[in-house]
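Asks: Have a look at this fold, sequence not included:
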DNA sequence: ATTAGCAGTCAAAGAACGCGAGTGCTAATG
DNA sequence: CATTAGCACTCGCGTTCTTTGACTGCTAAT
């Protein structure tokens, strides 16, 4: 019994199942893929594959479908990451035109990825660990509310509202902002805690209480910068995917809205040698994602040194891994290139 | 034949249908609502209501369900906007605590509204017409790419990437930013076009080409500020709503992702005397939203003078209009108060 | 190791059918 | 004229039963 044929059979099962969404039987298999053996032989192979837990039959008289482990083997050893099509490349090139700012750049990217894969696409905001503080501004919003804004060298802008105990005038706030800008200019964003006392001491006594509050806000902003956010697109594809996934779509949407889950998952996923991370079905270790897979890749923002963030797609376990993986990887590379600029 | 009883019947039909999701018949009606007449009488009334196009029977031997016009009448003349419950008020109060910055303030708001109503909630970014320019910063991203950042007095921060034809060093960019900040400080964001020539002339000749590009970017940012964006939350509620809406959920999600549709809709909706706008079913004049209704209210950000933006919810036509309307209105008022600060 | 043949299984699709909720109509009543 | 009781009629829905056909696993032969 040739061991390589079994792999061929597994591959054929996965491909057919992904394509037709129906359990695939021995007869159909020999017909579609010109295997030079009889259905009975395939049945024997399938029996073996089932023993090994790679495929299963949903019920006695049905064909077989791949198990999570089956997909895993398929992804690890069988499938090839296909190159992109002309049209896909072209769409990517159009992307850079539309890139107005940092945020909408990510938005466009994730939208494009969703369209290319016909699935839900997600992207993590890049980490800002290597970024430097570029500017601090304080804007008065009301007599005792102020908005603290920090601009980082990465181009990311973070803001936070603070409440001041005493009324304060706009000029004073402006001065506080200037002082903070001077003192913190070019300081690494990850270098917390800040020298709060020193900062507070740098302004006249009357301004020290508000300065304390605002400096704290800045620190909080930098601290929060380590927590990532996720941008998502293409949730409609979840439902559109042929009524597939059925009524399980609700919990999936919930899980996606619950960004924490995804973030943890993205973080935990290990990259393989192809630069891709794939979590299949229950491997996502989240019940409502049991029927979905996540394909992700890292992109880097500032040369080889910079820590990267991830982007990827979420789709039904029964997805076309080949093209999904290629789209994700291409997108990650493309984005890396744009952000690191060549 | 008392005309008011017919309205009572309509009201009862709407309420029962919303509650049970099943067509409601004459018998059940007299039982649940202690109407002091016989089912036959109700049947007569129902026949009239049907003639007027307010209710319809999905098939011969079923009860009646309200038509879009039925809901419309119900909303306009029958239902009362109920006050919020204790728990709801409490949730709102907790909101202000979590309000770090402008953006996440809106995010929290929309999330809360989604939870309160168990539906999809949306919120428009406020217009920035009354805002003043507060600060302009230019950050170098790569040898010939720069990020232009504009901070407005409303606390809103906008950014845009620009490509420069020649290499430029960071210091020069910084100087350009400072010049722009000085020249534009306190200028109204809606006062476009900018005096470009004057701005360009204010820097040394070598810096004039990049200054031209960047000043244009600033203008583009201000221009774009008039186009609103939408934040959304609770899309999972669409699916969760009892399998209701069935397979139509896909197109709905699509329409929601297509923000343009919603924006136009929100814009076109007229406020009634209660300060609420309601579009029912086909009134949304968008096919994929034919089975949904939109309840929206305006909120204002800067006193009575400021132009407002809208927030609201999208849900199945068969929704509890009373509580939805109250939640939306309360949320709008609450947000107005916070933003205008009292 | 492969194959043909065969009996067995079982989900899914269809047909038949009675149930019952709900209607519209008519005729009687105050 | 509004209201009501009574009655015949309609029709969607759920149930049950049957049929179909796509599979499999096994066995015996090559």
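Replies: It's in. Nothing here was measured: the structure is a model prediction, and the numbers come from that model. Numbering: from 1, shown residues only, chains lettered A, B, ... in the order given.

Asks: Show me what the strand or helix carrying residue A:138 is packed up against.
Replies: Following DSSP states H and E, one finds residue A:138 within strand A:133-142. In terms of contact count using 3 or more Cβ pairs under 8 Å, 6 or more residues apart in numbering or on different chains; DSSP states H and E, strand A:133-142 is assigned the packing partners strand A:145-152, helix A:170-184, helix A:208-224, strand B:133-142. (Each C-beta comes from the backbone N, C-alpha and C, glycine too.)

Asks: redo that, cut-off 10 Å
Replies: For strand A:133-142, the elements it packs on are strand A:145-152, strand A:157-163, helix A:170-184, helix A:208-224, strand B:133-142, strand B:145-152, helix B:170-184, helix B:321-340, judged by 3 or more Cβ pairs under 10 Å, 6 or more residues apart in numbering or on different chains; DSSP states H and E.

Asks: I'd like to know which of the ones you listed is closest to DNA strand C.
Replies: helix B:321-340 (22.3 Å; Cβ to the nearest atom of the strand).

Asks: Quick check: residues of the stretch 201-342 of chain A near chain B?
Replies: By Cβ under 10 Å from any Cβ of the partner chain, the part of the stretch 201-342 of chain A that sits against chain B consists of A:217, A:220-221, A:224, A:229, A:232-243, A:247-258, A:301-302, A:338-342.

Asks: can you map out the helices along chain A?
Replies: Counting by DSSP state H, chain A has helices at residues A:3-20, A:26-32, A:39-51, A:68-73, A:86-97, A:102-117, A:170-184, A:196-201, A:208-224, A:235-240, A:249-257, A:259-268, A:321-340.

Asks: Would you single out the least confident of these?
Replies: Lowest mean pLDDT of the helices of chain A: helix A:86-97, a mean of 82.

Asks: quick one: residue A:316 and residue B:258, what's the gap?
Replies: Residue A:316 sits 23 Å away from residue B:258, going by Cβ to Cβ, to the nearest Å.

Asks: So between those two, which is more surrounded?
Replies: Applying other Cβ atoms under 10 Å in any protein chain shown to residue A:316 and residue B:258 shows that residue A:316 carries more neighbours, namely 19 against 13.

Asks: surely the more buried one meets residue A:294?
Replies: No: if you go by Cβ atoms under 10 Å, residue A:316 and residue A:294 don't touch, sitting 11.1 Å apart.

Asks: Spit out the residues that contact those two alike.
Replies: residue A:281 (Cβ atoms under 10 Å, 6 or more residues apart in numbering or on different chains).

Asks: Get me the contact residues on chain A for DNA strand C.
Replies: A:1-2, A:5, A:36-38, A:40-41, A:44, A:59-62 (Cβ under 7 Å from any atom of the strand).

Asks: could these be laid out in CSV, adding neighbour count?
Replies: Converted to CSV, the residues of chain A next to DNA strand C look like this (neighbours: other Cβ atoms under 10 Å in any protein chain shown):
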residue, neighbour count
A:1, 8
A:2, 9
A:5, 15
A:36, 7
A:37, 14
A:38, 11
A:40, 11
A:41, 16
A:44, 15
A:59, 6
A:60, 5
A:61, 8
A:62, 12
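
Asks: Tell me how far residue A:109 lies from DNA strand D.
Replies: In this structure, residue A:109 and DNA strand D are 41 Å apart, going by Cβ to the nearest atom of the strand, to the nearest Å.
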